[in-house]
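*Asks:* got a predicted model here, sequence first, then my questions.
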Amino acid sequence: MITPTDRQKNQQLADIFLQMAKGYRYLGTQERFRAIAYQQAAKTLLNLPDDITKHASDIASLDKLRNIGEGIAQRILEYLHTGHIHTWDELRQTIPLKLLDIMDVQGMGPATTRTLHQRLGIQDRTELETAIRSCALAQLKGFGPKRIDNIRKALKIDKEARSRHLLDKALDIGNRLLQLVRNIPAIQQAEIAGSLRRRKETIGDIDIIATCHPAKHRSAIQHFTRLPIVDQLIAGGDTKASILLETPHIQADLRIVDPSAFGSALLYLTGSREHNIRLRSLARDNHRKINEYGLYSDDGSQRLAGETETSVYHALSLDYIEPELREDKGEIDLAKQHRLPRLIHADDLLGDMQMHSNWSDGATDIASIALHARLTRPHYQYIVITDHSPAARIAHGIDSADFRRQWKEIDKVNTDIGKTFVRKGVEVDILPDGSLDLPDDILQAFDWVTASIHSGFAKDNTDRLLKACHHPLVNCIGHPSGRLLMKREPYPADWTAFFHTAAQTGTALEINAQPDRLDLRDDLARQAVAAGVRLTISTDAHHPTQLSSIHLGVSQARRAGCTSAHILNTLTWDGISRFRDAKASHHAMPLG
DNA sequence: GCCGTTTTCGGCCCGACTGTTTTCAGTCG
């Protein structure tokens, strides 16, 4: 089993390799490919589903991992055996670590940082600020007033502007900005691109791509940079501009191209960077050249595609790849082989599997939730009310007697509706010893039992998770990793063992669509599905309006490559009942 | 330092924008 200490090894090594990559970037262009190699290796480590020590029996088995060759394999082994990497220790002797931090500031690349260190002896950000104030910088060749002013500004806004934003919030702002762009008179069409279009769980900046008549590029850009919501202009040329929005301080980029290049530009600006690099080297292999203006023959004499993304993919003999999959995680090979999944769509869901009423910590009564669900999601056939069990004191968890009273209210709501729309569920706490917070006799009377961990986030929770899976009355594990985006890491657990057990026992795992959970996250969900686990997508809504955040869970499932077959709540309630009964009868355990 | 239905050597995505230069290096995405 992966202990917490072991699990940290992947992260520790990745952190070191990222620092080494930065160090090599600092050393100059002759080392840039070495820098890229370490960066790629770090990415491989971070994406590795299991512990690196499992691959570390010898150099040859490490070498089999993508982006890890003989040299880096040696360094991994060295670290696992000695806790040190000699090359890194040496590198650190020559480059002050805090100096590398300076390269995180916008506009401060390796060359600039090197000049400042060598000419002025600057070691960290504080000394850089001092050098600006004392006009020492202005004495250097190549550092005119504008450049110095830009560095000063970048240092000031660095922290805030570089912080990431939850997908939910970024989508809201991005969509409003998109409307403003579409209202610019010269603009013909505009779409969101970048990580926002790929629906990454957190977003650094907002990218928008637009088309207009070539003669009007410049005026459209000017219009954009003068929008009332602009706090600062970061850069503005003929075809692209970067602004800093007023509140929150989030960067937004606009790129304008001719209509004939809309597809190739959207493709380019959507990324990911890794996906683009793979596409471009694939094009090169086929004697083609790809850029944001289109797909061309080698010598650029013939333009082969560009108006739509599909045209570019097809010209490369690839099927169209959905934005959520564009992370260079095997999607290009699948597209080549016509084996891409038909990703789940929000309309495929027939119901929502977790939400809370005012019986525990929800905002409203069950009738209001049901009404809101039926008005806003008319294709839903069911919703599951899952109030908390007693141990969740902060969430006003309720006991067996309360649940029995609650069921009468649910029955009445269903009678008023004229069909069984509201299902009787529970979010029962998994206690520290892995047992459940409610007795079996009441658990077996629910339509749906989701079990969740709400305590003990620091220690390894594998045993608790496995025990819950083995309980015959647990249908689903809620927010399985316990993370909170930008606040709390997933608790340590052996995910491989957990997913295997969930699949074996017929226990579903949840993709929780709360904006700061999105738990399971994309790569773990992908791993779970590969292990044969069925997933649910649910909002965990605590107010009826939060039922709309289901789309965030769907995005997460799409990033994991899920089809409707992987998602349990694409089934009618009969189908869900069969899934539930299969587990209970399989166990045939005497119930307490 | 990695990688290979062009290659075990010689490549490693590609173009816009900026500031400071008088033609381009540096940075970014």
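*Replies:* Received it, and whenever you're ready, just let me know what you need.
*Asks:* only C-alpha atoms from now on, for both contacts and neighbour counts.
*Replies:* Noted.
*Asks:* which residues in the stretch 1-150 of chain A form helices?
*Replies:* Applying DSSP state H, counting those that start in this stretch to the stretch 1-150 of chain A gives helices spanning A:4-27, A:32-47, A:59-63, A:70-82, A:86-94, A:97-102, A:110-120, A:125-133, A:145-162.
*Asks:* got the buried residues for the fifth one?
*Replies:* Of the residues in helix A:86-94, those scored as buried under the neighbour-count criterion (16 or more other C-alpha atoms under 10 Å) are A:Leu91.
*Asks:* what angle sits between that helix and helix A:70-82?
*Replies:* Counting by axes from the mean of the first three to the mean of the last three C-alpha atoms, to 10 degrees, helix A:86-94 points 90 degrees away from the direction of helix A:70-82.
*Asks:* tell me the helices and strands packed up against helix A:86-94.
*Replies:* Counting contacts by 3 or more C-alpha pairs under 8 Å, 6 or more residues apart in numbering; DSSP states H and E, helix A:86-94 packs against helix A:4-27.
*Asks:* now swap in the last one and tell me
*Replies:* Judged by 3+ C-alpha pairs under 8 Å, 6+ apart, helix A:145-162 is in contact with helix A:125-133.
*Asks:* briefly note if the helix it packs on comes near DNA strand B.
*Replies:* No - judged by C-alpha under 7 Å from any atom of the strand, helix A:125-133 makes no contact with DNA strand B; its nearest approach is 12.5 Å.
*Asks:* circling back to that earlier point, will you turn the helices of the stretch 1-150 of chain A into CSV that also has mean pLDDT?
*Replies:* What follows is the helices of the stretch 1-150 of chain A, written out as CSV (pLDDT from 0 to 100):
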stretch, mean pLDDT
helix A:4-27, 84
helix A:32-47, 90
helix A:59-63, 85
helix A:70-82, 93
helix A:86-94, 92
helix A:97-102, 90
helix A:110-120, 92
helix A:125-133, 90
helix A:145-162, 80
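*Asks:* whatever residue of the stretch 1-150 of chain A ends up closest to DNA strand B: what's it in contact with?
*Replies:* Closest approach of the stretch 1-150 of chain A to DNA strand B (C-alpha to the nearest atom of the strand) occurs at A:Gly144, with a separation of 2.3 Å. Applying C-alpha atoms under 8 Å, 6 or more residues apart in numbering to A:Gly144 gives the contacts A:Ala138.
*Asks:* next one: A:Thr450
*Replies:* A:Thr386, A:Gly425, A:Val426, A:Glu427, A:Val428, A:Val474, A:Asn475, A:Cys476, A:Ile477, A:Gly478.
*Asks:* surely it is in a strand?
*Replies:* Yes - the assignment for A:Thr450 is a strand, going by DSSP: H, G, I helix; E, B strand; the rest coil.
*Asks:* quick one, grab the pLDDT at the residue nearest to the spatial centre of chain A.
*Replies:* Centroid check for chain A by C-alpha atoms, centre = their mean gives A:Glu201 as the closest residue, at 3.3 Å. pLDDT, A:Glu201: 95.
*Asks:* that one: what's it in contact with?
*Replies:* With contact set as C-alpha under 8 Å, 6+ apart, A:Glu201 has these partners: A:Leu166, A:Leu167, A:Leu518, A:Gln556.
*Asks:* phi, psi of it?
*Replies:* Note on A:Glu201: its backbone torsions stand at phi -70, psi -30 [degrees, to the nearest 10].
*Asks:* between helix A:125-133 and the lowest-mean-pLDDT helix or strand in chain A, find me the angle.
*Replies:* For chain A, scoring each helix and strand by mean pLDDT, DSSP states H and E identifies helix A:145-162 as the least confident one, at a mean of 80. Angle of helix A:145-162 versus helix A:125-133, following the same axes, to 10 degrees, is 150 degrees.
*Asks:* gap between the helix or strand just after helix A:145-162 and the chain center?
*Replies:* Next along the chain after helix A:145-162, taking DSSP states H and E as the criterion, comes strand A:165-166. Distance of strand A:165-166 from the chain centroid (C-alpha atoms, centre = their mean, to the nearest Å) equals 10 Å.
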